[in-house]
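*Asks:* below are the sequence and a predicted model; questions follow.
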Amino acid sequence: MSSIRILSPQLANQIAAGEVVERPASVLKELVENSLDAGAQRIDIEIEQGGIKLIRIRDDGHGIPEDELALALSRHATSKIDNLEDLEAVATLGFRGEALASIASVSKLALTSNTGASSGWRAVSEGRDMEVELQPAAHPKGTSVEVRDLFFNTPARRKFLRAEGTEYNRIDDSIKKLALSRMDIAFSLRHNQRAQLNLRPAISLLEQEKRVADICGPAFMQQALYVDNDRSSIRLWGWMGLPTFNRSQADLQHFFVNGRCIRDKVVAHAIRQAYQDVLYHGRHPAYVLFLEIEPADVDVNVHPTKHEVRFRDSRSIHGFVYGTLNKALAQDRPQDHLQSSESVVPTEQWQPSQSAISFSSAPVQGPGHTNFGQFPAPSQGSVNSPMAAYQGLYATEIPEQQDEIPPMGFAIAQLKGIYILAENAQGLIVVDMHAAHERITYERMKTAFDDQGLVSQPLLVPESLAVSEREAEVADKNTEIFQQLGFVIERAAAESIIVREIPAILRGSEVEGLLRDVISDLLMHGTSERIRNHINEILSTMACHGSVRANRKLSIPEMNALLRDMEATERSGQCNHGRPTWSQLTLEELDKLFLRGR
């Protein structure tokens, strides 16, 4: 090894560039964030060869004065923070003062700006000796940054760049995230002289929904719930996809904290917990969510690329995000996705199919009186002919007390002992009767379990668990949480805890592994839902076995009662395993199937 010496400014900047400038997309992200911090209302982006040959960004922000242009290309030069107090409450996207210097060290950079007070000026740097050349230049108010030949002086970095199409796709993804983060800003993107994106400012909710649809696809907006929850100094708003709109990859998940797109373990865990009861196994939810929080309550200075943050009170954030999304999913009912009751045709104007035969005069039971687990056994009498079977199966009954057609309509048939066919004001409803009843039973069991509370059962022989000293400390500090979950634990030694009582419903379960997972969650997230989830899994299994099975013939009143229960039950759009419980075919869709009207 040679003697200790101070690195040259050029080499220091190139090392810093390794943290900030990974590829053309990261260059673009840093420059666009500077434009946003400068108060730009429109940002125009032009790239060539996936950003490797050229990245040009023009904004209409407040600009940079002539005497500060050269300083802007210096390392650790910034106008966004001034002291430690500013760093503890960062309110801008960029603040490190390394981006421009790092980019200039590995490219041919030209910075042109005009504050509007006089003519514009241009600063040029070519990454070798980091000398900056200033010259007058015509430019409207705002700033333009031109980055050419990225990594031209660092071949080792350039050879790791991917194909032009791959680099462009990363830029496209980065621009879309930035466009979602600031919907009030106009964005345009050109690649190889071709227009790729042109987004107008979105101020109203309708305009914002259109921008989200343009970026995430119209299918997402058609199957998304709008959420907006405000609590003291925290607000969470945005769009979360319905469980039926799920993805095989986590490629449509956008979460922003104070306008910054981030990846955070606490937030990701809270969102997974919210979707856990309604999402099919191995699938990922889709969402565009915005968390607004006091800048002092979040630390954005934990990663050079600023993709990660650290919350001052992660447990509170976890609970707020989970509670907001879980409540929104719970309140989602089938009728929310059908037309409002104001447009529903009155019962006296609605007529069943001409072939339907009314065969039962029994009143429809209300949701509180239905018990599908105790249906009378179907008649064992033989059917003399297929027509007789159809006459007994296809029938419609309209309750006298109904003033209008309910959202899920009235049952008209049972198909193959699996599906309920119902007619509502819009057309045909198809219900998977086992999946629907499974969810209804599950939600009732959860409600009853919560009302009765957790009953603890003392262990005949207390169980000792060997843990690390840190795990033992966490368990000792959170004994009240464990008591609320039905556990009584004590710290026996520096690296040992004793379990004296467990929830009665978990009798026979693998308690040791469950407790270790709970302690791990407390260490990582400051909270845990594992015990509750494990209890829910048991209740879900019980609900599955206690629900009406396939190939069981239901009467019309029983089918109608199931439909009414679906309208009154939380999360009734999905069964316990995340499968959809119903589907709608409108009259227009049925007409298209048979080419009616053509």
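*Replies:* Looks like it came in fine.
*Asks:* can I get stretch 570-579 in PDB? Just the C-alpha atoms.
*Replies:* Provided in PDB are the C-alpha atoms of stretch 570-579 (Å, rounded to 0.1, in the frame of the first residue of the first chain):
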ATOM      1  CA  GLU A 570     -67.500  -6.600   4.900                       C
ATOM      2  CA  ARG A 571     -65.100  -7.800   2.200                       C
ATOM      3  CA  SER A 572     -67.800 -10.000   0.600                       C
ATOM      4  CA  GLY A 573     -66.300  -9.400  -2.800                       C
ATOM      5  CA  GLN A 574     -63.600 -12.000  -2.100                       C
ATOM      6  CA  CYS A 575     -63.600 -15.300  -0.200                       C
ATOM      7  CA  ASN A 576     -61.100 -16.100   2.600                       C
ATOM      8  CA  HIS A 577     -58.500 -17.200   0.000                       C
ATOM      9  CA  GLY A 578     -58.800 -14.100  -2.200                       C
ATOM     10  CA  ARG A 579     -61.000 -15.600  -4.900                       C
END
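*Asks:* buried residues in it?
*Replies:* By 16 or more other Cβ atoms under 10 Å, the buried positions in stretch 570-579 come out as 570-576, 578-579. Glycine gets a C-beta too; all of them are placed from N, C-alpha and C.
*Asks:* of those residues, closest to Glu308?
*Replies:* Using Cβ to Cβ, Gly578 comes nearest to Glu308 of the buried residues of stretch 570-579, at 29.4 Å.
*Asks:* quick one: which of the buried residues of stretch 570-579 is nearest to Leu465?
*Replies:* Nearest to Leu465 among the buried residues of stretch 570-579, counting by Cβ to Cβ, is Asn576 at 30.7 Å.
*Asks:* that closest one against His437, yeah?
*Replies:* No. Look at Asn576 against His437 with Cβ atoms under 8 Å: they stay out of range, at 10.8 Å.
*Asks:* what about Ile556, neighbour count?
*Replies:* By the criterion of other Cβ atoms under 10 Å, Ile556 has 23 neighbours.
*Asks:* ditto for Arg162
*Replies:* Close neighbours of Arg162, defined as other Cβ under 10 Å, add up to 14.
*Asks:* use 475 as the first number for this chain going forward.
*Replies:* All right, first residue 475 from here; so that's Arg636.
*Asks:* tell me the secondary structure for it?
*Replies:* The three-state label for Arg636, taken from DSSP: H, G, I helix; E, B strand; the rest coil, comes out as coil.
*Asks:* and it, how far is that from Ile903?
*Replies:* Distance, Arg636 to Ile903, by Cβ to Cβ, to the nearest Å: 48 Å.
*Asks:* remind me which residues of the stretch 475-624 of the chain are low pLDDT?
*Replies:* 475, 487-488, 490-493, 602-604 (pLDDT under 70).
*Asks:* if you set the cut-off to 80 instead, what comes out?
*Replies:* Scanning the stretch 475-624 of the chain for pLDDT under 80 picks out 475-476, 481-494, 549, 556-562, 568-572, 592, 601-605.
*Asks:* tell me which other helices or strands the helix or strand containing Ala804 touches.
*Replies:* Element membership for Ala804, per DSSP states H and E: helix 788-805. Packed against helix 788-805, as judged by 3 or more Cβ pairs under 8 Å, 6 or more residues apart in numbering; DSSP states H and E, are the following elements: strand 698-705, strand 708-715, helix 739-749, helix 985-999.
*Asks:* so who does Ile767 touch?
*Replies:* Ile767 makes contacts with 707-709, 731-732, 785, 791, as judged by Cβ atoms under 8 Å, 6 or more residues apart in numbering.
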